[in-house]
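Undergrad: prediction below, plus the sequence it came from.
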Amino acid sequence: MTSTTTDTGTDGRITVRISDPGELIAAVPHLLTYRPGPSVVLLNHGGRESPITPVIRADLPDSTCEPDAARDLVRAVLRHPGAGVTVVIIGRRPGHRAPPGRIPHHGLARRLMSAFGDAGRPVDHALWVPEIRGGARWRCYHEVCLRGVLPDDRETVLAATMATTGQVTYGSRGEVARLLDPDDPAAITRRQHMLDAAIDNWPTRPNFGATDSPDEPKQAAAGSSAPEWFGATEVADRTAVGGAAPGGFGEVASGGLAAAGSSEEAKRAAAGSSAPEWFGVTEVADRTAAGGVPPGGVGEVASGGLAAAGSSAVDSHVEAERAAEDRAAPDWFGEAQSAEHLAVVRAALARAVAGDFDLSDEDVVSLAMALSDLTVRDRCLTTADPPGEPPATAAERLWLELVRRTPMPERAEPAVLLGYSAYRRGDGVLAALAFDNALAAHPGHRLAELLRICLSHQLPPETLRRLSDCQEGGLMPT
């Protein structure tokens with residue numbers, strides 16, 4: 001019996017239907033954008049034809065922390081509507097010894113199954129696999145134990161579909177993080193001197209990053225570094241739509257981000273080092289899924305859209321933070337300077353759309369100055385729409401190149417634009433890394449903090465569109 005099939009819709013989107021638990025486990029790296037190490041992964045799915053969202057990953061907790069970890073994971077999933085959950089536990093925590101005859105982390109699986117059951121959202125399948133690689137044997141925690149052998153995740157129908165649509169699955173989260181590493185430390189130092197000279201020669205000193213003092217960002221960047229916390233993150237359209245029939249998995253698909261609580265709660269969530277990672281939709285076949293699931297089937301992975309749920313609490317927080325940023329940002333650049341900066345950005349975007357990302361030192365410095373003009377930076381938010389389309393992809397690539405080539409603290413501006421673009425198209429892993437990069441370059445960067453909190457609280461990407469909708473566009477070539 002064929003366990004995986006594909007369909008291409010009239011809109012060109014590809015739906016991959018999976019009807020085998022092993023195939024679903026093998027899909028996890030593609031859904032997360034990277035191959036996870038020892039982890040617990042939760043897939044929340046609704047009824048038939050409903051999105052499966054979100055996909056949440058967390059490190060395996062110590063046994064003493066299991067009750068709290070299980071509670072937090074269940075709460076994260078229950079923020080979203082759904083009919084059932086699939087639990088996938090990968091590997092084992094260092095030092096963990098399973099009792100004789102038990103599958104590793106049996107206690108954690110049971111806690112999750114019990115908590116979800118008490119909440120009225122049953123765990124349809126709870127699976128364990130030592131690692132995600134072809135030939136690994138997976139087992140089920142349920143009393144009626146299923147078991148099988150994983151296919152090579154690089155050779156599945158889903159992997160082929162991802163490859164044809166340009167989606168990349170990395171070997172680890174570290175590989176994704178290295179995309180943002182500086183390209184040449186000597187060049188960074190050289191550009192830093194050029195920026196210092198440009199700033200010293202400016203008629204009025206620009207305020208980089210909207211802090212109370214124009215010198216504060218450089219002092220903060222030199223004296224401290226942002227902690228490396230990874231909260232809830234979302235995956236770019238690696239999504240799924242559809243429901244799970246009795247005993248089925250459902251579909252991997254676009255996810256809506258849950259509503260947040262108070263702004264203080266959001267800050268705590270963002271700062272928590274143990275926060276689980278949230279993964280929602282990806283684009284273009286963008287690791288997504290649509291369709292129904294036959295009895296006993298896993299579901300479908302297909303190109304999907306992002307669910308657009310909202311949270312008035314987070315929306316209010318967005319308004320408050322943006323207002324605070326506006327109040328704190330003196331108008332260092334006049335209309336004439338802003339017009340010059342817009343021209344610099346337009347020219348760079350036109351080159352990016354044409355595939356030219358060869359930036360000289362002078363290009364990097366002029367763009368760093370331009371993006372330090374908050375009026376210009378905020379207008380650049382409009383380049384993220386429509387998410388995943390060629391112009392937005394070119395703009396995102398430009399921001400990535402600037403992150404790699406721009407000194408601190410000016411690097412924070414292209415980093416926050418990169419994160420916003422990734423967030424808007426659903427790539428939560430890259431978005432989180434970009435926001436953290438911005439905060440490392442400029443601790444206290446208001447827009448980066450705001451967006452990181454939104455991401456941690458699972459605010460839907462579509463909801464963030466209003467940040468760019470209120471800006472004048474016209475930066476991309478027509």
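TA: That came in fine, so what should we check first? Numbers count the residues shown, from 1 in each chain.

Undergrad: assign Ala26 to helix, strand or coil.
TA: Under DSSP: H, G, I helix; E, B strand; the rest coil, the three-state class of Ala26 is helix.

Undergrad: should've said Asn44
TA: Secondary structure, three-state DSSP: Asn44 is strand.

Undergrad: that one and Leu73 touch, don't they?
TA: No - assessed by CB atoms under 8 Å, Asn44 is found out of contact with Leu73, at 10.7 Å. Any C-beta I mention is one placed from the backbone N, CA and C, and that applies to glycine too.

Undergrad: intersection of neighbour lists for these two?
TA: Applying CB atoms under 8 Å, 6 or more residues apart in numbering, one finds that Asn44 and Leu73 are jointly contacted by Ile56.

Undergrad: just name the shakiest helix or strand of this protein by mean pLDDT.
TA: Lowest mean confidence among the helices and strands of the chain (mean pLDDT, DSSP states H and E): strand 240-241, at a mean of 30.

Undergrad: quick one: low-confidence parts of the chain?
TA: Low-confidence segments of the chain (pLDDT under 70): 1-7, 9-14, 16-17, 19, 47-52, 202-333.

Undergrad: would you mind splitting it into its domains for me?
TA: Domain assignment of the chain by automatic domain parsing yields the ranges 4-171+230-302, 312-469.

Undergrad: of all these, which one is nearest Ile188?
TA: Nearest to Ile188, of all these, is domain 312-469, at 5.2 Å by CB to CB.

Undergrad: just checking, what packs against the helix or strand hosting Leu455?
TA: With elements taken from DSSP states H and E, the one containing Leu455 is helix 446-456. If contacts are counted by 3 or more CB pairs under 8 Å, 6 or more residues apart in numbering; DSSP states H and E, helix 446-456 sits against helix 263-271, helix 312-328, helix 412-424, helix 428-441.

Undergrad: sorry, back to before: may I see the domains of the chain organised as TSV, with distance to Met194 and mean neighbour count added?
TA: Output for those, formatted as TSV (distance: least, CB to CB, whole Å; neighbours: other CB atoms under 10 Å):
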stretch	distance to Met194	mean neighbour count
domain 4-171+230-302	33	21
domain 312-469	5	21
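
Undergrad: got JSON lines for the ones you listed, with distance to Pro182 too?
TA: JSON lines is the format used below for those (distance: least, CB to CB, whole Å):
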{"stretch": "domain 4-171+230-302", "distance to Pro182": "19"}
{"stretch": "domain 312-469", "distance to Pro182": "6"}
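
Undergrad: figure out which of those is closest to Gln192.
TA: Among the domains of the chain, domain 312-469 comes nearest to Gln192, with 4.0 Å by CB to CB.

Undergrad: quick check: chain neighbours aside, which residue is closest to Tyr170?
TA: Excluding the flanking residues, the one nearest Tyr170 by CB to CB, 6 or more residues apart in numbering is Tyr34, at 4.2 Å.

Undergrad: pretty sure that neighbour contacts Gln167?
TA: No - counting by CB under 8 Å, Tyr34 stays clear of Gln167, with 11.8 Å between them.

Undergrad: against which helices or strands is the longest helix seen in the chain packed?
TA: For the chain, the longest helix by residue count, based on DSSP state H, is helix 335-353. Judged by 3+ CB pairs under 8 Å, 6+ apart, the packing partners of helix 335-353 are helix 361-371, helix 374-379, helix 390-405.

Undergrad: hey, C-alpha coordinates of it in CSV?
TA: Provided in CSV are the C-alpha atoms of helix 335-353 (Å, rounded to 0.1, in the frame of the first residue of the first chain):
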residue,chain,number,x,y,z
GLU,A,335,13.4,65.2,5.3
ALA,A,336,16.3,65.8,2.9
GLN,A,337,18.5,63.2,4.6
SER,A,338,15.6,60.7,4.8
ALA,A,339,15.0,61.2,1.1
GLU,A,340,18.7,60.4,0.4
HIS,A,341,18.5,57.4,2.6
LEU,A,342,15.4,56.1,0.8
ALA,A,343,17.2,56.5,-2.5
VAL,A,344,20.1,54.4,-1.2
VAL,A,345,17.8,51.6,0.0
ARG,A,346,15.7,51.7,-3.2
ALA,A,347,18.9,51.3,-5.3
ALA,A,348,20.1,48.4,-3.2
LEU,A,349,16.7,46.7,-3.4
ALA,A,350,16.7,47.1,-7.2
ARG,A,351,20.0,45.4,-7.3
ALA,A,352,18.8,42.6,-5.0
VAL,A,353,15.8,41.9,-7.2
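
Undergrad: what sits up against it?
TA: Taking CB under 8 Å, 6+ apart as the rule, helix 335-353 contacts 333, 357, 359, 363, 366-367, 369-371, 373, 375-376, 379-380, 383, 390-391, 394-395, 397-398, 475-477.

Undergrad: tell me the angle of that helix relative to helix 390-405?
TA: Angle, helix 335-353 to helix 390-405, by axes from the mean of the first three to the mean of the last three CA atoms, to 10 degrees: 110 degrees.

Undergrad: and the strands in the stretch 1-150 of the chain, which stretches?
TA: 4-8, 14-18, 39-45, 51-59, 84-90, 123-129, 137-140, 147-149 (DSSP state E, counting those that start in this stretch).

Undergrad: redo the helices and strands packed on helix 335-353 as JSON lines? Include distance to Leu439.
TA: Formatted as JSON lines, these follow (distance: least, CB to CB, whole Å):
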{"stretch": "helix 361-371", "distance to Leu439": "16"}
{"stretch": "helix 374-379", "distance to Leu439": "16"}
{"stretch": "helix 390-405", "distance to Leu439": "13"}
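
Undergrad: any residues touching stretch 177-194, and which ones?
TA: For stretch 177-194, the external contacting residues (CB under 8 Å, 6+ apart) are 361-362, 364-365, 368, 400, 403-407, 415, 418, 430, 433-434, 437.

Undergrad: how about a cut-off of 6 Å?
TA: Applying CB atoms under 6 Å, 6 or more residues apart in numbering, the contact partners of stretch 177-194 are Asp361, Val364, Val365, Val403, Arg404, Arg405, Pro407, Leu433, Asn437.
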